[in-house]
Structure formats: C-alpha cells, structure tokens
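A.B. asks: Give me the fold of what follows.
(chains A and B)
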Amino acid sequence: MSITATNITKTFGNYTALNAVNLHVPSGKLIALLGPSGSGKTTLLRIIAGLEFADQGSGNILFGDEDVTNVPPGKRGVGFVFQHYALFRHLSVAENIAFGLKVRKRAERPDKATIAARVKELLHLIQLEDLGGRYPAQLSGGQRQRVALARALAVQPKVLLLDEPFGALDAKVRRDLRRWLRNFHDEIHLTTVFVTHDQEEALEIADEVVIMNQARVEQVGIPQEVYDRPTTPFVHKFLGNVNQIVLPWSGLIPGTNVPQEDGIAFVRPHDIELVHFNTGRDGDPAQVVDIHAAGPVAKVAVKRNDGKGIVDVELSRAYLDQIRLREGDHVLLRVRRPVATDYAI
Amino acid sequence: MSLFSKQRSVIPGFGLSFGFTMFYLSLIVLIPLSAVFIRTSGLSWGEFWNAAFNARELASYKVTFLSSFAAAGVNGIFGTILAWVLVRYPFPGRRVIDALVDLPFALPTAVAGISLTAIYSKNGWIGKWLDPEGVFFSVNQINLFGLKFEGIKVAYSALGIFVAMTFIGLPFVVRTLQPVIEELEPELEEAASTLGASRLQALYKVILPQLVPAVLTGFALAFARALGEYGSIVFISGNQPNKTEITPFRIITKLEESNAAGAAVPYATATAVAVVMLVASFVLLFLINLLQKWSRRHQEA
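C.D. replies: Below is the predicted model of the structure:
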C-alpha cells in the first residue's frame, strides 16, 4: 500500500521539526529517510505511524486512497519497529510476537492454534525457531531487533516503519542485518520506510532515498542518482566524502571553463587522478602529506602547492604500489569528473 | 589457606573493609538480636508459652499483623498511583508534593500520632463527621436500604491503627517505585498501541506486570515498617486490652511489669513476645522475597 504525506508541518513550541514536507512512498518499495539528527526524519516516521500528530490544519496522510490523518496508531495497520526494540521484558519471545494478535477483540481474534502457527511461521522467518521460549534479556541485540520486527509483522500491517533499526547494533551485525532486511523485503514486498543517519546503509539497501535536512526534504531519488547528482550543497556534503576545491585550478575540470577566476568545484576523492610530478603533462601541483593504505582503497591526503588547502584522493592499492608513492612526493592532480561546480553557498 | 582466593584488584582494602563490615554488623545487629533469644531462653517452655501466647498477646498479634498487612496493601495501590503521577506528569507544584511524600519519614512519630488522633477523635476535623459521638452522628442517623448506619470510630479503634500505619508506610512504596517507573520507556506503551492494544490493555498487559517486583518490594518495606511502628500508633489506638493493643505496646507493658514485680528472669516475658514478633516478621519477609524473585524470573539473562 502506498503512503502519501502532503504538506506536513510539525512544531514543538518554538522548534519546527517538519516544515511543509511532502513524501510519496510507492506501494511495495523500501524507502530510506536519511538525514543528520534533528532533521525531522524520525518525527515524519512517527507522524506516518500515528504516534505523533501533525500541526492542526497542516496536511494529511494517505495510505493508498484512505485518509488516515486522524486514525489512531492501532487502527492504521502499521508495523512499527523502535530503535531500542521496546520488547516487553516480562513476556517470552513467542508471547511478544503473539501480543498484537492476543489483544484483539474476541470477534477478530484468531484462535489459539492459529496464533501459535503464526508465531511459529514468524520465528522461522526471523531464523530464531528455537528461541521462542526465551526472554528478551537472554537475546543478543541483533536477535532482539529481529523479534521486534516479527512482532510488528504478526498483525499483518499494510506498511512497515522502522526507526533507526540498526542504530544500536555493532558494525558487523549491522551489515548482516541490513542485507537480511533487503532480502526479506524482496520476498514479502511490504511497503517499508526506514529512518537512518547512516548514508552507507541507506544507499546500500533502499530502493529510493529521501534526504532530509532542517525540517525539509532536500532530495529524493534512487541511490545512484542521489550519489552521482546531488542537487543541493547539503546532499553533496552529506552523501559520501567530497573535496571542495577552491578555484582557480591548473588543468582541466570537465564541464567548466577553466581557468576560472574563482568558485568552488565539488569532487569526490575517487574522481581525482594522481601522477608523479615528473611523469605528468598537466594538472595541479601538490605534495603528498599522508598515506593511509589499510583496506582495499588507499586514502591519500595531498597539499596543493598554491596553498589552497588539502585534497583527499582515493587510489586503488594496486595503483599505489605501482607508482610507489611516498609521503613528501611531489605530484600532479587531475579532476576526472566533478559532481558539481560553484553552488550558490 | 585463605578463605577467599587472592586476586589482584584495582580497588585494594577488601580484607580491611570486609572485617570492619562484619564487626559493625555484629555489634549493631547480630548481638542485640541474639540477646533477645538468650534472655528468652531463661524461661521454661511453659513460661514462654504463657508469656507469648496468652489471649491478650494473641489479640495483639492479630491486630498488628492484619493492620500492617492492610496498610501495606493500601499503600501498594495508592503509592503506585502517586509515584506514577509524580514521574509521568509535569504539573505545577510537583516538587512540593514530591517533598511532602518524605514527611512521614522525617516527622517524629509522636507528632504524627498526636496530629492523627487530634484529627480523627470525636471532636477532630474529620472525626466529628465520622464518629458515632461526633457532631453529626450523635444527632443524625443514616438509613440505607434498612441498614442503620451510626458512624465509624477511627481514633481509639483498630481502624485508627490502620490509618497511622498507612501514613508512615507511604514513602516506602513511592520511593521504591519512582526509579522503576522512570526507567520504563514510553516506547513500550507506543509499541503496545501500534500493535492494536487499548490504553487499558497496555496498562495491565505491559506496564503493571513490569512494576510488580517493585510494588512487592515497596509493600514489604511498608509492611515491615508498620509491624515495628510504635510512636504514632499508641496515641490513636487507645490501647484497649484484647482490642487495640499492638504488639510493640505489649512488649513495653511487659517490660514495665517485669521491672515492677522483680521477676526471676528480668525482661524475659517481654523478650518472649519479641522473639515471636521477630520470627514471624522474618518468615513473612522471606516469603515476600521469594515472591519477588519469582516475579523477576524473566530479568535473568
């Protein structure tokens, strides 16, 4: 089921958390709300869930064609997963998952056997078949998060909402679990919105990324599009590393009229070519100040000879070994492709 | 061979502080308590029985334990509500009310006893509307469906004992519950509501079960305090033999009698009652602890 939020404004006293935000989530997609803390992404998610209400008269929320703006959370058909899981400590894993079914009114409540079968099915889905009898305190963080997900899915929600679902987990579990979520989504195709401040996470698993900043949506697009063609300086700085190169720059910058008098070019570290000074023909002269060669990609910091700051360059290990780069070497830099030049900042 | 394995520790001085702890505990707690048993052992079984289990003593145990239990129960319920309101809702004057909760702790118990008696006696602010001999019931009678209602006596009755015990026990429940409620994340209620639970279901299926261990702890503390309470009760109870004499009052009375009569084993009749009280309280608190452990079973990782 698609989600449409129109013109949502939310203020807390003097603080504006959301400023006339519009959002459309197509049915069956996995969408990431990405932004720094305080950007309003969690507030938007909570308004979609009905845990928070937009300011009076500001806008509405549609699930499909149905207006749910004033529907309480329990009746919206949302599954919500909290950052810190919010599992019921006094209930076992199986009882947690069954909670949403057991609290239904007698007429709508499935019988015991049906509930038990559903719990078993969900335990299988989250790969915790044998742990139904455990209490949340006896599980690891990743297991708890999966139980929280199963509990939300048990009521067969129309949309699934996840608030920083992997925020409290360590790096390895985080990577495993987000890939698992992607595969899981490919199986069930439930409309899903998740909030994150981790750009890598959003770009890796989302069908579409909604980037938020200061109570507004900055850009919406598929991951590759927002990474390659950021439309605002904020998105630029927020998504991946970027060098702000102060012009003029000796050598060609594709898509610009170089040499330029002034301005700034935004260039990603892997879009810069680096050669030894004596082997190059053209380029901006600079000197290597630092080499970080741990991992598949070497990170090299170089200082421009004209004193216009440090530029970060990413090179493959193979290339680094081939040219035998050392700290202190004089080099030439060439821009392969800028992401943008001269935003009005 | 040392009793405890030697391990290197960043915090030195375990031996010294442990030794001091044991010494202090013995001096303050164990020796006085054992004296109660040693004194009592001077009596024969028959004398012990006569001293501790005659009709008057039995009546005092009954009124003491029942009133304490009822008072702790009432505190368990209303103290929980009070703690909930103090933690969850910001309202003007919250800090003042929060400070008021400690008053029964801080107040000399005799002051509490005198003020309660003054209020609930037949001429007191509340007592005159309740007492059969007060301004209201001495001239009026309420007739409800043929049942005559002629007022209730609070001061100088078992009800008065219960009122005083409720007064002094309240802070124990509130102060035990406050930190627990503070730790209860609002997300739990939100999770329950997104899963379709009503407010009432969220309350009795999610919140209350998580508060039970703390409520039991508060109950146990209030109960123990009420059992030992003396100062605030002796004024309001009236100390009528076989009716409103609490056990601590019986112990004092027996001490005085023993002094006056020059008994063969001084104080032994008083310590006999004390032994009964001690053992009974210990058993009860032990049972409550078991109950608590059971209610916390899911917290063990």
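A.B. asks: Could you see whether chain B lies near the helix or strand harbouring residue A:120?
C.D. replies: Assigned by DSSP states H and E, residue A:120 falls within helix A:112-125. No: Helix A:112-125 lies apart from chain B when judged by CB under 8 Å from any CB of the partner chain; the minimum separation is 13.2 Å. Yep, even glycine has a C-beta here, placed from its N, CA and C like the rest.
A.B. asks: Is the helix or strand just after that helix positioned near chain B?
C.D. replies: Sequence-wise, the next helix or strand downstream of helix A:112-125 (DSSP H and E) is helix A:141-154. Yes: applying CB under 8 Å from any CB, one finds helix A:141-154 in contact with chain B at A:151-152, A:154.
A.B. asks: Could you list the residues in contact with helix A:141-154?
C.D. replies: A:79-82, A:85-87, A:93, A:96-101, A:118-119, A:122-123, A:125-128, A:131, A:136, A:139, A:160, A:162, A:165-166, A:168-170, A:173, A:176-177, A:190, B:191, B:194-195 (CB atoms under 8 Å, 6 or more residues apart in numbering or on different chains).
A.B. asks: How about the residues of the stretch 101-250 of chain B by chain A?
C.D. replies: B:185, B:187-188, B:190-198, B:201, B:205-206, B:209-210.
A.B. asks: The residues you listed in helices, which ones?
C.D. replies: Among those, the members found in helices (DSSP state H) are B:187-188, B:190-194, B:201, B:209-210.
A.B. asks: what sits opposite residue A:334 in the beta ladder?
C.D. replies: Per DSSP bridges, the residues bridged to residue A:334 are residue A:273.
A.B. asks: Would you mind naming what in the stretch 51-200 of chain A lies close to chain B?
C.D. replies: Going by CB under 8 Å from any CB, the residues of the stretch 51-200 of chain A near chain B are A:51, A:72-75, A:78-80, A:82, A:84, A:86, A:88-92, A:99-100, A:103-104, A:135, A:137-138, A:151-152, A:154-155.
A.B. asks: what about burial for those residues, which qualify?
C.D. replies: A:51, A:73-74, A:78-80, A:82, A:86, A:88-92, A:99-100, A:103-104, A:135, A:138, A:151-152, A:154-155 (16 or more other CB atoms under 10 Å in any protein chain shown).
A.B. asks: So for stretch A:322-331, first residue to last residue, what's the gap.
C.D. replies: 15 Å (CA to CA, to the nearest Å).
A.B. asks: meant to ask about stretch A:62-75, not that
C.D. replies: 14 Å.
A.B. asks: circling back to that earlier point, export the ones in helices among the residues of the stretch 101-250 of chain B next to chain A to TSV and tack on distance to residue B:74?
C.D. replies: Shown next, in TSV, are these (distance: CB to CB, whole Å):
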residue	distance to residue B:74
B:187	32
B:188	27
B:190	32
B:191	32
B:192	28
B:193	31
B:194	35
B:201	26
B:209	21
B:210	22
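A.B. asks: low-scoring stretches of chain B, by residue?
C.D. replies: Across chain B, the stretches falling below the confidence threshold (pLDDT under 70) are B:1-7, B:262-265, B:299-301.
A.B. asks: Mind naming the longest helix for it?
C.D. replies: Per DSSP H, chain B has its longest helix at helix B:55-88.
A.B. asks: In the stretch 1-150 of chain B, which residue sits nearest chain A?
C.D. replies: residue B:90 (13.8 Å; CB to the nearest CB).
A.B. asks: does that residue count as helix, strand or coil?
C.D. replies: coil (DSSP: H, G, I helix; E, B strand; the rest coil).
A.B. asks: Look up how far residue B:98 lies from it.
C.D. replies: Look at residue B:90 and residue B:98: by CB to CB, to the nearest Å, they are 12 Å apart.
A.B. asks: Okay, helices next: where are they in chain A?
C.D. replies: A:41-49, A:73-76, A:93-102, A:112-125, A:141-154, A:171-188, A:199-205, A:223-228, A:233-238, A:317-323.
A.B. asks: could I get those helices as a markdown table with mean pLDDT?
C.D. replies: A markdown table is the format used below for these (pLDDT from 0 to 100):
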| stretch | mean pLDDT |
| --- | --- |
| helix A:41-49 | 93 |
| helix A:73-76 | 88 |
| helix A:93-102 | 93 |
| helix A:112-125 | 92 |
| helix A:141-154 | 92 |
| helix A:171-188 | 86 |
| helix A:199-205 | 88 |
| helix A:223-228 | 88 |
| helix A:233-238 | 84 |
| helix A:317-323 | 84 |
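A.B. asks: Output those helices in TSV, with distance to residue B:243 appended to each entry.
C.D. replies: As requested, the helices of chain A are arranged in TSV below (distance: least, CB to CB, whole Å):
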stretch	distance to residue B:243
helix A:41-49	60
helix A:73-76	54
helix A:93-102	50
helix A:112-125	53
helix A:141-154	56
helix A:171-188	67
helix A:199-205	73
helix A:223-228	82
helix A:233-238	79
helix A:317-323	93
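A.B. asks: Out of these, which is closest to residue B:12?
C.D. replies: helix A:141-154 (35.6 Å; CB to CB).
A.B. asks: And that closest one, how far out from the chain middle?
C.D. replies: How far helix A:141-154 lies from its chain's middle: 20 Å, per CA atoms, centre = their mean, to the nearest Å.
A.B. asks: And the residue nearest the centre of chain A?
C.D. replies: residue A:202 (2.7 Å; CA atoms, centre = their mean).
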